[in-house]
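>>> Generate a structure from the sequence data that follows.
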Amino acid sequence: MLHILKAIATKMLENEKKDALDCSISDEVVDEWLDTIEERKKRMQEHHKTDTEQYDMLLGVEKEVRQIKEIRAKKCTKSD
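Just a heads-up that it's a prediction; the model follows:
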């Protein structure tokens, strides 16, 4: 089951990266993703579940979302 969730998350993130390139997602959405990931990481750490495949998957998702944020920082800066 976990490998199915990982495949779905990977596909969703690939699509979101494409959207990030044309700056169609607001910065707040990406920040909310990171906040949600951070909250989940903390809960897993509190319950000593950092040595699980689910935690590793979460770290991978976090890395992908941070890459999206970096792309947006470079490509979607507003010129005043």
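>>> quick one: which helix or strand includes the residue nearest the centre of the chain?
Computing the C-alpha centroid of the chain and ranking residues by CA atoms, centre = their mean puts residue 65 first, at 3.0 Å. For residue 65, the element it lies in under DSSP states H and E is helix 53-75.
>>> Mind listing what's buried along that helix?
Residues 57-58, 61-62, 64-65, 68-69, 72 are the ones in helix 53-75 that count as buried (16 or more other CB atoms under 10 Å). The way it works is simple: take the backbone N, C-alpha and C, and place the C-beta from them, glycine included.
>>> re earlier: quick one: classify the residue nearest to the residue nearest to the centre of the chain when sequence neighbours are not counted as helix, strand or coil.
With sequence-adjacent residues excluded and distances taken as CB to CB, 6 or more residues apart in numbering, residue 65 is closest to residue 33, at 5.0 Å. Secondary structure, DSSP: H, G, I helix; E, B strand; the rest coil: residue 33 is helix.
>>> How much space separates residue 33 from residue 4?
20 Å (CB to CB, to the nearest Å).
>>> Between those two, which has more neighbouring residues?
residue 33 (20 against 8; other CB atoms under 10 Å).
>>> Hmm, the more buried one is touching residue 66, no?
No. Applying CB atoms under 8 Å, one finds residue 33 not in contact with residue 66, separated by 9.7 Å.
>>> CA atoms of stretch 6-18 as CSV?
Below are the C-alpha coordinates for stretch 6-18, written out as CSV (Å, rounded to 0.1, in the frame of the first residue of the first chain):
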residue,chain,number,x,y,z
LYS,A,6,4.6,7.0,-2.9
ALA,A,7,3.8,6.6,-6.7
ILE,A,8,0.8,8.8,-6.4
ALA,A,9,2.7,11.5,-4.4
THR,A,10,5.6,11.4,-6.9
LYS,A,11,3.2,11.9,-9.9
MET,A,12,1.4,14.7,-8.1
LEU,A,13,4.7,16.5,-7.4
GLU,A,14,5.8,16.1,-11.0
ASN,A,15,2.6,17.9,-12.1
GLU,A,16,3.0,20.6,-9.4
LYS,A,17,6.6,21.2,-10.6
LYS,A,18,5.2,21.9,-14.1
